[in-house]
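1. coords please:
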Amino acid sequence: MARHKASKFASRKMNENELLKMFDQSLELLSQMAKIYDAGTHQVALSMATEVHKILTDGGAAIRLRGSKTFTTIDFGDETRMINAMHKLAGVILDKDQTKIDFVADFQMGDESTVTLPFRDWWNKDIIYRASAAIPGGHPGMLPLNGTPFVPFQERETINRRDFVALLRNTRGAHQDGDMPLLLDELEQTYSWGQFIVQTPNGIKSTEDGTLKVGATIMTAMMRQIVHELLIAYGCEDSKDASLLS
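-> Numbering: from 1, shown residues only. The predicted model follows:
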């Protein structure tokens with residue numbers, strides 16, 4: 001049997017106004033996704049990655065527009081003396097019943113110190129995650145002390161916004177395959193942050209044995225922060241939502 005050959009459809013070049021209208025629609029969609037995320041559907045972060053990638057990289061209109069924008073980033077100061085993992089875009093909160101932790105976008109913590117960067121520095125150069133000094137293969141939360149072997153600062157695994165968004169989009173968002181990038185696995189399972197232990201009236205709860213549950217993950221919180229930074233850069237409102245902070 002002959003294989004069906006897809007027909008070719010006629011097309012036309014869209015004008016600048018049409019392209020910009022589609023761009024505004026994408027921004028509105030991303031803003032609505034942020035509200036869905038804040039209401040508790042955290043897996044929408046996977047679709048956020050696809051939309052952010054489109055807004056920033058698809059077509060000449062998007063590229064010309066992004067060059068006129070400035071973007072905020074968290075100011076971490078001197079990081080070179082850190083031995084724990086650096087999670088620049090996410091914070092963590094414990095629920096009032098001490099049974100669950102949620103990782104939240106830094107802007108939702110309410111006390112971030114920020115600096116402003118041009119697009120290329122924000123997208124390509126600013127490091128949003130750096131692994132801890134722990135030797136690979138061990139528990140990321142087991143930090144080297146008292147002269148034990150460690151990974152030098154400049155040799156630790158890092159990722160920027162461009163690679164993080166592309167990794168999330170290409171493996172978990174627009175496309176899905178059977179391979180899970182190890183970095184995303186660590187960020188989703190909270191391994192990169194280490195173990196969380198809480199003393200409660202009912203005994204010790206821990207993320208290690210599952211007695212302390214994890215809601216929103218580091219990975220999704222990082223994506224939410226990137227969305228916040230993009231929306232603010234393009235003049236869109238993105239208010240702090242109290243749903244995760246109650």
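
2. C-alpha only now, for contacts and for neighbours.
-> OK.

3. tell me which strands and helices the longest helix seen in the chain is in contact with?
-> Assignment by DSSP state H gives helix 16-38 as the longest helix of the chain. Counting contacts by 3 or more C-alpha pairs under 8 Å, 6 or more residues apart in numbering; DSSP states H and E, helix 16-38 packs against helix 45-57, helix 59-66, helix 218-233.

4. Just name the most buried of those helices.
-> Comparing the helices and strands packed on helix 16-38 by mean neighbour count (mean count of other C-alpha atoms under 10 Å), helix 218-233 comes out on top with a mean of 24.

5. among the helices and strands of the protein, which has the poorest mean pLDDT?
-> helix 59-66 (a mean of 81; mean pLDDT, DSSP states H and E).

6. and the angle for whatever helix or strand comes next after it with helix 218-233?
-> Following helix 59-66 in sequence order, the next helix or strand is strand 70-74 (DSSP states H and E). Here the directions of strand 70-74 and helix 218-233 differ by 140 degrees (axes from the mean of the first three to the mean of the last three C-alpha atoms, to 10 degrees).

7. tell me the secondary structure for Ile204?
-> Counting by DSSP: H, G, I helix; E, B strand; the rest coil, the backbone at Ile204 sits in strand.

8. Spit out the contact partners of it.
-> 197-198 (C-alpha atoms under 8 Å, 6 or more residues apart in numbering).

9. same thing with the one 3 residues further on?
-> The neighbours of Thr207, taking C-alpha under 8 Å, 6+ apart as the test, are 195-197, 213-214.

10. Can you flag the buried ones in those?
-> Buried members of these, counted by 16 or more other C-alpha atoms under 10 Å: 196, 213-214.

11. out of the residues you listed, which are inside helices?
-> Going by DSSP H, the helices hold none of these.

12. mind putting those in TSV, distance to Phe119 and pLDDT included?
-> Formatted as TSV, these follow (distance: C-alpha to C-alpha, whole Å; pLDDT from 0 to 100):
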residue	distance to Phe119	pLDDT
Phe196	35	87
Lys213	37	91
Val214	33	92
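
13. Met109 is nearest to which of the helices and strands packed on helix 16-38?
-> helix 218-233 (10.9 Å; C-alpha to C-alpha).

14. Convert the closest one to CSV, retaining C-alpha atoms only.
-> Extracted in CSV, the C-alpha atoms of helix 218-233 (Å, rounded to 0.1, in the frame of the first residue of the first chain):
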residue,chain,number,x,y,z
ILE,A,218,12.3,23.1,42.8
MET,A,219,12.0,22.5,39.0
THR,A,220,8.5,24.0,38.7
ALA,A,221,9.3,26.9,41.1
MET,A,222,12.3,27.8,38.9
MET,A,223,10.1,27.9,35.8
ARG,A,224,7.5,30.0,37.6
GLN,A,225,10.2,32.6,38.6
ILE,A,226,11.5,32.8,35.0
VAL,A,227,7.9,33.4,33.9
HIS,A,228,7.6,36.2,36.5
GLU,A,229,10.8,37.8,35.2
LEU,A,230,9.6,37.7,31.6
LEU,A,231,6.2,39.1,32.3
ILE,A,232,7.5,42.0,34.3
ALA,A,233,10.1,42.8,31.6
